[in-house]
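1. 3D model of this:
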Amino acid sequence: MIQALAAQTEASFPVLNALIIVPIVGALVVTLLPKSRPELMRPVGAIFSAIAGALSLYVMAEFSISQSDFQFQSIQSWIPSLGINWHVGVDGISLWLVVLTGLITPLVLVAVDPHHDPKPYTAWLLLLQAGSFGAFMALDLFLFFVMFEIVLVPMYMLIGGWGYDDRRYAATKFFLYTMAGSALMLVAIVSVATLSAGDQGITFSVIELAERQALSTTTARLCFLAFALAFVIKVPIFPVHTWLPDAHVQAPTGGSVVLAAILLKMGGYGFLRFSLPMFPDASLIFQNFIFFISVIAIIYTSLVALMQKDIKKLIAYSSVAHMGFVTLGIFSMNQQGIDGAIFQMISHGIISAALFLLVGVIYDRMHTRDIDFYGGLVSLMPKYALFFIFFTMANVGLPGTSGFVGEFLVLLGTFQVSKLVTIFASLGIVLSACYGLWLSRRIIFGN
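-> Take a look at the predicted model:
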């Protein structure tokens with residue numbers, strides 16, 4: 001089947017391969033630029049990143065909504081003896097995450113000044129964009145694992161190299177948490193591929209593995225847990241969420257934007273792309289457990305956000321709460337819930353990116369993120385105040401904003417499965433209004 005599909009796709013332009021290659025080439029070009037011309041680094045990097053962004057928009061424009069299978073597929077044999085292929089493609093789930101990655105990265109390169117060492121900063125961001133594209137488009141488990149791991153290095157370097165006082169601690173914590181989950185996921189990937197081989201031979205193709213369903217019940221459950229741990233850490237969900245507030249607070253503005261808008265989405269995407277199709281029975285068995293930790297994440301982190309005095313830390317805890325709605329919608333396993341989860345991921349990517357950029361605007365001027373320091377910005381920066389209130393209300397889920405659409409669909413889907421879970425999850429919306437309005441009042445209007 002792989003060979004036949006490869007023959008069908010070879011004639012078309014490999015636009016998805018170009019999405020990965022263009023940022024990598026951009027990183028190499030930036031690396032080769034002379035250090036004596038620091039003013040060239042970000043503009044050159046932004047050009048390559050914008051080209052990749054334009055290609056992602058082309059994919060969106062040419063995407064056919066009448067087809068349910070993967071589109072723009074490109075398959076090349078990579079390690080034939082192990083059944084590993086370079087296999088990429090997009091469907092309605094991954095398309096919008098690819099577009100989000102294509103648009104956020106050039107925005108960061110244009111809008112955020114790293115203040116020092118622009119050459120490595122720009123190169124790491126471009127590599128991060130390439131790895132994110134690869135993770136969202138990979139249809140081979142081994143390729144996905146490689147791309148899933150590649151993004152860790154640039155983010156580690158961005159936090160450790162351009163962050164604030166405790167940046168090394170935050171970067172190390174981020175790396176260790178994600179590596180711990182990834183190590184177990186690699187074991188599960190090898191187990192799934194080898195134990196599903198049978199007479200058909202070993203393969204790492206997600207499509208074929210989902211069709212085979214050759215694992216025993218116990219093995220499937222163990223493999224699901226290994227995948228789930230990696231994805232839960234990446235989302236992140238209680239109780240493995242503690243790395244995120246530290247990473248956000250210590251990361252530079254550009255790192256926080258990319259982390260919130262793109263990297264966190266890999267956890268939710270992983271559940272949708274791998275866990276549910278390959279382990280449907282195990283997913284159903286652990287449905288209530290995922291509901292439980294998602295609801296705790298929504299309520300607990302919302303309460304913690306209410307107690308914060310650091311603007312970035314408050315928004316970071318808010319991200320954990322809102323991503324709890326994503327896992328809630330995914331494991332409702334119905335049309336409304338999954339649609340809401342996908343919409344919530346895209347919405348959160350835009351809203352959180354905007355909020356972290358807005359925090360960066362005032363931090364660059366006043367060099368503090370203490371909420372008590374600010375007050376009355378509406379009289380000094382009225383346009384800024386308008387944008388801050390708008391995106392805060394979107395984060396709260398005000399009707400008429402994208403935040404409302406995603407959360408409403410998630411709750412609608414969850415209600416069909418468990419009314420009790422829906423009631424508790426709804427408390428998160430009330431709490432988000434509390435900390436969102438409190439933050440806006442303190443910063444924008446003051447006393």
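2. Tell me, how many residues neighbour residue 94?
-> A count of nearby residues for residue 94, using other C-beta atoms under 10 Å, gives 24. Bear in mind the C-beta positions are built from the backbone N, C-alpha and C, glycine included.
3. pretty sure it contacts residue 270?
-> No. Counting by C-beta atoms under 8 Å, residue 94 sits too far from residue 270 to count as a contact (11.2 Å).
4. Once you drop chain neighbours, what's closest to residue 407?
-> Counting by C-beta to C-beta, 6 or more residues apart in numbering, residue 397 is the residue found nearest to residue 407 once chain neighbours are left out, at 4.9 Å.
5. burial measure for that neighbour, as a count.
-> By the measure other C-beta under 10 Å, the count of residues near residue 397 is 24.
6. Also residue 88?
-> 29.
7. Tell me which other helices or strands the helix or strand encompassing residue 46 touches.
-> Assigned by DSSP states H and E, residue 46 falls within helix 41-62. Here helix 41-62 touches helix 15-32, helix 94-111, helix 118-137, going by 3 or more C-beta pairs under 8 Å, 6 or more residues apart in numbering; DSSP states H and E.
8. got a list of what the closest residue to residue 96 other than its chain neighbours touches?
-> Spatial nearest neighbour of residue 96, chain neighbours left out: residue 346 (5.0 Å); criterion: C-beta to C-beta, 6+ apart. Contacts of residue 346 were listed using C-beta atoms under 8 Å, 6 or more residues apart in numbering, and they are 96-97, 100, 402, 406.
9. Turn those into CSV, columns for neighbour count and pLDDT.
-> Listed next are the contacts of residue 346 as CSV, based on neighbours: other C-beta atoms under 10 Å; pLDDT from 0 to 100:
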residue, neighbour count, pLDDT
96, 20, 94
97, 26, 95
100, 21, 95
402, 17, 89
406, 26, 91
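10. any idea which helix or strand comes after the helix holding residue 46?
-> Later in the chain than helix 41-62, the nearest helix or strand by DSSP H and E is strand 71-79.
11. if we can go back for a sec, okay, the residue nearest to residue 407 and residue 263: tell me how far apart.
-> 23 Å (C-beta to C-beta, to the nearest Å).
12. Then residue 237?
-> Separation of residue 237 from residue 263 (C-beta to C-beta): 15 Å.
13. cool, and residue 213?
-> 30 Å.
14. next helix or strand past whichever helix in the chain runs longest?
-> Counting residues, the longest helix in the chain under DSSP state H turns out to be helix 335-366. Remark: after helix 335-366, the chain's next helix or strand is helix 377-380, criterion DSSP H and E.
15. If you count contacts, what does that next one end up packed against?
-> Counting contacts by 3+ C-beta pairs under 8 Å, 6+ apart, helix 377-380 packs against helix 382-396.
16. Summarise which helices and strands the helix it packs on is packed against.
-> Helix 382-396 packs on helix 311-330, helix 335-366, helix 377-380, helix 402-415, helix 419-440, going by 3+ C-beta pairs under 8 Å, 6+ apart.
17. Swap in 7 Å and give it another go.
-> When contacts are defined as 3 or more C-beta pairs under 7 Å, 6 or more residues apart in numbering; DSSP states H and E, helix 382-396 packs onto helix 335-366, helix 377-380, helix 402-415, helix 419-440.
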